[in-house]
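Colleague: Sequence unavailable; structure follows:
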């Protein structure tokens, strides 16, 4: 059973003097259902200091954190804050780029989706013959069947790259910055999930400025991700919500509160 807690927003004030009950897990480093912890399936505000499931200070186990959340919520900002605290992070979107740099996979993707792209008068290739990922997205993201086809081709390669990244940093705390990590086996390597949220309008204007996408494309992505939190709750992961109102100092304070309890 998973547990979710809220950092920032309307969460209860963190009590530095509180001592959380914790336990060393036997399921591959995943702290689940520690004694004295109340599990919750709601979004009620919870004091993290009271209900922590994190690894105790004297533990030699490392953290592997999934930092996730909907589009333009602030995942990169949270990852950067964690990096300042000694974590090393990898961006799953960049791993998708890396996976698709493989000529064999790129050829397979183009061959699979070329007929659908042609029907929409969209070119899947750039002038140099390489895959145009933005155009591919325009073809597949409105169609669940096509999206599933793309994921069946790309996700195994991304999962392998994540496993290689984890294996190559055996003594470091790791951040996996990924929107849909719940879809691949690597989610089972995570100690906890940090789910980043932000106001809808903040996310909209941030995405428009950052990505230069049309308004309807942004809103379509938002709609597709409307049940993202529910998807992560089904993974049986321990979930912490971090509210990002756009103030970096407040965001850093919320992330540091999480780290203070977990270390």
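Modeller: Thanks, I have it. The structure presented is a predicted model; accordingly, all values stated were derived computationally and were not measured. Residues are numbered from 1 along each chain as shown.
Colleague: Which strands border the helix or strand hosting residue 240, and is each parallel or antiparallel?
Modeller: For residue 240, the host element (DSSP states H and E) is strand 239-243. Strands adjacent to strand 239-243 in the sheet, as given by DSSP bridges, are strand 4-7 (parallel), strand 192-197 (parallel).
Colleague: Would you mind listing the buried residues in the following helix or strand past it?
Modeller: Helices and strands here follow DSSP H and E; after strand 239-243, the next one along the chain is helix 248-262. Neighbour-count burial for helix 248-262, counted by 16 or more other CB atoms under 10 Å, picks out 251, 252, 254, 255, 256, 257, 258, 259, 261, 262. C-beta here means a position set from N, CA and C on the backbone, and glycine is covered the same way.
Colleague: For helix 248-262, give the mean pLDDT please.
Modeller: Mean pLDDT, computed over helix 248-262, is 90.
Colleague: try stretch 69-89
Modeller: The model assigns stretch 69-89 a mean pLDDT of 97.
Colleague: gap between that stretch and the chain center?
Modeller: Put simply, stretch 69-89 sits 9 Å off its chain's centre (CA atoms, centre = their mean, to the nearest Å).
Colleague: Can you mark which positions in that stretch are buried?
Modeller: In stretch 69-89, counting by 16+ other CB under 10 Å, buried: 69-82, 87, 89.
Colleague: Can you give me the buried ones in the helix or strand where residue 231 lies?
Modeller: Residue 231 belongs to helix 228-233 when assigned by DSSP H and E. Within helix 228-233, the residues that count as buried by 16+ other CB under 10 Å are 228, 229, 232, 233.
Colleague: And those residues, which is closest to residue 217?
Modeller: residue 228 (17.4 Å; CB to CB).
Colleague: where does the residue nearest to the closest one when sequence neighbours are not counted fall, phi/psi-wise?
Modeller: Nearest non-adjacent residue to residue 228, counting by CB to CB, 6 or more residues apart in numbering: residue 70, 5.5 Å away. As for residue 70, its main-chain torsions (degrees, to the nearest 10) stand at phi -70, psi 170.
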